[in-house]
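Trainee: need a structure here:
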Amino acid sequence: MSKGYLCMLAAVLSTLVITIAGVIRVMGEESQRTLMMNCSSELFDRARIGEHDSYLLVDLNMQGNSVQLNYRYFDIQGKILSMVAMSGELKSVSADNRLYTLNMHKKQESVLVAREELPSHFKYISYISGLNTNDKGKQGLSVEILDKDDTNDYAIVLFQPSNTVCGCRLMQ
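Mentor: Okay, here's the model as predicted:
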């Protein structure tokens, strides 16, 4: 074998080793990604102001590529009205770590009161999550951090397609 051939082979192998190490590092970072938020928002129905005001609590738990998202609805006395629990996977994250695109593939709803007592937001989430599925049976969602205070572990977050803005406590 010629000396030039050995140098070229060494260069190719070095490049391959560096590339593999980079891929393993990126995969390790993705598997270590953790995001936990406890969010809340006050809901009101413009058509029935004062009648059925309610609160929404949203819990987001992301570990690696696995995602669990729970919407829980309460009346103003703290009685639970309904829940929507979804699980799925992380599809992508923006370069600035502010926009998370999710594919949810499981949804479970629990209704604990009469239909007329349910918050309009719950009815909308129930309806839109049934329609908004892609050809693989997954519902596309996004979670966008609009503003963040790292000192106080707090963020203002937009959930889509529900068009819900919540104040969120960031759990470390």
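Trainee: can you give me the neighbour number for residue 59?
Mentor: 16 (other C-beta atoms under 10 Å). For glycine as for every other residue, the C-beta is placed from the backbone atoms N, C-alpha and C.
Trainee: for it, name its beta-bridge partners.
Mentor: residue 38, residue 70 (DSSP bridges).
Trainee: that one: what's it in contact with?
Mentor: Applying C-beta atoms under 8 Å, 6 or more residues apart in numbering, we find residue 59 in contact with 37, 38, 39, 68, 69, 70, 72.
Trainee: from residue 124, how far out is the third one?
Mentor: Spelled out, it's residue 39. Distance, residue 39 to residue 124, using C-beta to C-beta, to the nearest Å: 17 Å.
Trainee: and if you look at the fourth one?
Mentor: Distance check for residue 68 against residue 124: by C-beta to C-beta, it reads 21 Å.
Trainee: with the first one instead?
Mentor: From residue 37 across to residue 124, the span is 21 Å (C-beta to C-beta).
Trainee: helix or strand for the residue nearest the centre of the chain, just tell me which one.
Mentor: With distances taken as C-alpha atoms, centre = their mean, residue 143 lies nearest the centre of the chain, 5.2 Å away. Per DSSP states H and E, residue 143 falls inside strand 139-149.
Trainee: ok, now which ones touch the spatially closest residue to residue 91 that is not a sequence neighbour?
Mentor: The shortest distance from residue 91 to any non-neighbouring residue, by C-beta to C-beta, 6 or more residues apart in numbering, is to residue 101 (4.4 Å). By C-beta under 8 Å, 6+ apart, residue 101 lies in contact with 90, 91, 92, 93, 140, 141, 142.
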